[in-house]
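Asker: based on what follows, work out the 3D shape:
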Amino acid sequence: MFENMIGQSPNFESLLRSAKMVAATDVTVLITGETGTGKEVLANALQRHSPRADKPFITLNCAALPEALAESELFGHRKGAFTGAVSHQIGRFQAAHGGTLFLDEVDSLPLTLQAKLLRFLESGEIQPVGETQVQFVDVRVIAATNASLHQKIGRGEFRKDLYYRLNVVPLEIPPLRDRIGDIQLLLSHFMQHFAAEYRKSPATFSRSALIRLSQYPWPGNVRELRNVCERLSILLAGRVIEDANLPGELLNQTGTDKPVFALPEFGLELDKLEMDLIRQALTRTQGNRTRSARLLGITRDTLLYRMQKYGIS
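Answerer: Below you'll find the model as predicted:
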């Protein structure tokens, strides 16, 4: 199980199925997705469920690398290789030997280092700064980006050959707005988590607050939702959170003036739509009527009545 990957939406479950198959191999993985979708969480899950689980997992945010020190950080250097190199230093590749190196924001790597990364992916060789001999290291690479690498390639900012080497198995994490059915699951998970962390009574959400939260577009994705839960867990411990208690940015951007469902130009048959939604809910929950009712925003008794009305077993 990928226990820290919370979600039941079809697109998210499809991602998890692929990730579980990939985890058991040594294949290079490229994780894509918007900021805050959980790329590092997925990379961690791949490592924990891989044959390298008991080996090092080294992370590096490529965007935070000072360009002058980037090569040394990645590949290490020998004493005297440059001004200030007063001792030998191993790089992230050597530190990850036997395990996994996670390169976050890999699109930020300078072109010179992209060439050296490509060399490693092709041959397993690295060359520390100041060394004349190459070294072989056994490292699995997982890379991640929130940028369009195709656009970067078009602008000459990212090597096309490196892209193909990294993109052996692509895993794209959908944004939270495309998996709104998971919002309530995530809210429950994080509220329980922070209640335990801060030793406070867990807060809960009113139905109207949950609707508001489901309508919010979550531009910061799961990270934004997590931060909101942490704030509310501290400030409103043990309370039922109503609309008015939600942060102002959520209240102002929920898009409540936008219809949840667009009526087709030529109308629809409401009974058939209702039957279809009930069947979808039952399928998604594998026939669990309590959870189906929750997905549909109705009581269990109401669901049972409508199932009987439409002859749905």
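Asker: gap between residue 32 and residue 51?
Answerer: Distance from residue 32 to residue 51, counting by Cβ to Cβ, to the nearest Å: 24 Å. Where C-beta positions appear, they are placed from N, C-alpha and C, glycine not excepted.
Asker: so between these two, which is more surrounded?
Answerer: A count of neighbours by other Cβ atoms under 10 Å puts residue 32 above the other of residue 32 and residue 51, at 18 against 11.
Asker: now do the helices in the stretch 51-200 of the chain.
Answerer: 67-75, 92-95, 111-123, 149-154, 160-166, 183-197 (DSSP state H, counting those that start in this stretch).
Asker: okay if I get those as CSV plus mean neighbour count, mean pLDDT and distance to residue 177?
Answerer: Listed next are those as CSV, based on neighbours: other Cβ atoms under 10 Å; pLDDT from 0 to 100; distance: least, Cβ to Cβ, whole Å:
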stretch, mean neighbour count, mean pLDDT, distance to residue 177
helix 67-75, 18, 81, 34
helix 92-95, 20, 93, 34
helix 111-123, 16, 94, 32
helix 149-154, 14, 94, 22
helix 160-166, 18, 97, 26
helix 183-197, 17, 95, 9
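Asker: nearest to residue 20, out of the ones you listed?
Answerer: Between residue 20 and these, the shortest gap by Cβ to Cβ is with helix 183-197, which sits at 18.8 Å.
Asker: how far out from the middle of the chain is that closest one?
Answerer: Its chain's average C-alpha position is 17 Å from that of helix 183-197, according to Cα atoms, centre = their mean, to the nearest Å.
Asker: low-confidence ranges in the protein?
Answerer: Applying pLDDT under 70 to the chain flags the ranges 1, 68, 77-87, 130, 253-266.
Asker: just want the most central residue of it.
Answerer: Residue closest to the average C-alpha location in the chain (Cα atoms, centre = their mean): residue 38, at 2.3 Å.
Asker: who's in contact with that one?
Answerer: Residues counted as contacts of residue 38 (Cβ atoms under 8 Å, 6 or more residues apart in numbering) are 5, 173, 221-223.
Asker: neighbour count and distance to residue 67 added to those residues, as CSV?
Answerer: As requested, the contacts of residue 38 are arranged in CSV below (neighbours: other Cβ atoms under 10 Å; distance: Cβ to Cβ, whole Å):
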residue, neighbour count, distance to residue 67
5, 19, 34
173, 27, 28
221, 22, 29
222, 25, 31
223, 16, 27
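Asker: looking at these, which one is closest to residue 242?
Answerer: Distances from residue 242 to these, taken as Cβ to Cβ, are shortest for residue 222 (23.4 Å).
Asker: buried set for the helix or strand hosting the closest one?
Answerer: With secondary structure defined by DSSP states H and E, residue 222 is part of helix 221-235. Buried residues in helix 221-235, counted by 16 or more other Cβ atoms under 10 Å: 221-226, 228-230, 232-233.
Asker: stretch 300-308 too?
Answerer: 303, 306-307.
Asker: with stretch 21-33 instead?
Answerer: 22-23, 28-33.
Asker: repeat for stretch 212-221
Answerer: Residues 212-218, 220-221 are the ones in stretch 212-221 that count as buried (16+ other Cβ under 10 Å).
Asker: what is the nearest of the residues you listed to residue 118?
Answerer: For the buried residues of stretch 212-221, the nearest to residue 118 is residue 221 (30.2 Å; Cβ to Cβ).
Asker: and for the closest residue to that closest one other than its chain neighbours, the neighbour number?
Answerer: Leaving aside its sequence neighbours, residue 221 sits nearest to residue 36 (Cβ to Cβ, 6 or more residues apart in numbering; 3.5 Å). By the criterion of other Cβ under 10 Å, residue 36 has 20 neighbours.
Asker: residue 36 belongs to a strand?
Answerer: No: under DSSP: H, G, I helix; E, B strand; the rest coil, residue 36 falls outside any strand and is assigned coil.
Asker: was I right to think it contacts residue 227?
Answerer: No: if you go by Cβ atoms under 8 Å, residue 36 and residue 227 don't touch, sitting 9.2 Å apart.
Asker: show me the common contact partners of these two, please.
Answerer: residue 220.
Asker: returning to what we had before: right, and the helices of the stretch 51-200 of the chain - which one's nearest residue 313?
Answerer: Closest among the helices of the stretch 51-200 of the chain, once you apply Cβ to Cβ, is helix 183-197, at 26.4 Å.
Asker: quick one: the closest one to helix 221-235, angle?
Answerer: Inter-element angle recorded for helix 183-197 and helix 221-235: 50 degrees (by axes from the mean of the first three to the mean of the last three Cα atoms, to 10 degrees).
Asker: ok, residues contacting helix 183-197?
Answerer: For helix 183-197, contacts defined as Cβ under 8 Å, 6+ apart pick out 6-8, 176, 200-205, 210, 213-214, 218, 222, 225-226, 229-230, 232-234, 237, 294.
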